[in-house]
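> Based on what follows, work out the 3D shape:
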Amino acid sequence: MTHKSRSFAFLHIPKCAGTSVISWLYNSATFGYRIIKYYPVYKTQRNPVRVPSNSKIIIAGHFLRHMGTNTEVVLPHDIPYVTLLRDPVDVLISFYNWSKKSRHSWTSFVNLEQFLVDFVLSSTKQKYLQSPLLDALPLRSDQETIHDYCSRFSIIETTDNLHIFKAKIEAIIGFQLPEIPHMNKSSSSLISTDIRSQLQNVLHDDYELFNHVLSRGS
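So this is what the prediction gives:
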């Protein structure tokens, strides 16, 4: 995907190092970039984002399908997409840990494995938890191969390959940036093998995407 300017949209998938990446992207301001944050989860307005031609803008935020703020609704159709993936089970564990740290009331009576079983494996209400990656990305059609889907992104990498992600961002902006500060604090070793296997089956589409990108970038 091409764009007349060097603008791009960073599709921040929740719990995929996005906060670290956005803080890191602020270094690009030194080279004339402007960062526009788009987090409608915390706002009442969900207006489409406008990007002037020949601009140097990075739109960064959550574009979540279950919130009605997916890319097709709020982003310019020709702006390049950039995103960073993480192991889907690690994403869910990180979401639970973040919810507990934020003192969400339900975490006081639900442990990690209960959350994964009741909210992910058995739930019909929080369906987006069964696709934490793809819920935050452009819709993939039934006829689209995983290779063709990934080709719609200017950059799509995993947190396992932050050095590759960094180099590709630098190629867009034309300048070298400092290292990305990030540490993976969640581990799927915290759950049983059986539950992990069940989760991998439920999260099949997310894992197809994640494993394809991981193997391609390694």
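
> nearest residue to Y26 other than its sequence neighbours?
Spatial nearest neighbour of Y26, excluding adjacent residues (CB to CB, 6 or more residues apart in numbering): I35 at 6.1 Å. C-beta here means a position set from N, CA and C on the backbone, and glycine is covered the same way.

> a strand runs through that neighbour, doesn't it?
Yes: I35: assigned to a strand according to DSSP: H, G, I helix; E, B strand; the rest coil.

> That one against N27, yeah?
No: in this structure I35 lies outside contact range of N27 using CB atoms under 8 Å: 10.2 Å.

> isn't L162 right up against L177?
No: in this structure, L162 is not within contact of L177 by CB under 8 Å, at 11.9 Å.

> how close does A9 get to W24?
Taking CB to CB, to the nearest Å as the measure, A9 falls 16 Å from W24.

> what's the answer for K100, then?
26 Å.

> These two: which is more packed in?
Taking other CB atoms under 10 Å, K100 and W24 do not tie; W24 has more neighbours (19 against 16).

> where does this structure dip in pLDDT?
1-5, 41-46, 123-125, 182-189, 217-218 (pLDDT under 70).

> now the helices for it?
Using DSSP state H, the helices found in the chain span residues 18-25, 71-74, 88-101, 112-115, 146-150, 162-173, 193-202, 204-217.

> Just name the most buried of those helices.
Among the helices of the chain, ranked by average contacts under mean count of other CB atoms under 10 Å, first place goes to helix 88-101 (a mean of 20).

> quick one, it and helix 193-202 angle?
Angle of helix 88-101 versus helix 193-202, following axes from the mean of the first three to the mean of the last three CA atoms, to 10 degrees, is 110 degrees.

> Dump helix 88-101 to CSV, restricted to CA.
What follows is helix 88-101, C-alpha atoms only, in CSV (Å, rounded to 0.1, in the frame of the first residue of the first chain):
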residue,chain,number,x,y,z
PRO,A,88,-2.6,-14.2,21.3
VAL,A,89,-2.6,-16.1,24.6
ASP,A,90,0.0,-13.7,26.0
VAL,A,91,-2.3,-10.9,24.9
LEU,A,92,-5.2,-12.3,27.0
ILE,A,93,-3.0,-12.9,30.0
SER,A,94,-1.7,-9.4,29.8
PHE,A,95,-5.3,-8.1,29.5
TYR,A,96,-6.2,-10.0,32.7
ASN,A,97,-3.1,-8.7,34.6
TRP,A,98,-3.9,-5.2,33.4
SER,A,99,-7.5,-5.5,34.6
LYS,A,100,-6.4,-6.8,38.0
LYS,A,101,-3.8,-4.0,38.4
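
> what's the angle from that helix to helix 204-217?
110 degrees.

> roughly how far is helix 88-101 from the heart of the chain?
Averaging C-alpha positions (CA atoms, centre = their mean, to the nearest Å) puts helix 88-101 14 Å from its chain's average.

> Which neighbouring elements make contact with that helix?
helix 112-115, helix 193-202, helix 204-217 (3 or more CB pairs under 8 Å, 6 or more residues apart in numbering; DSSP states H and E).
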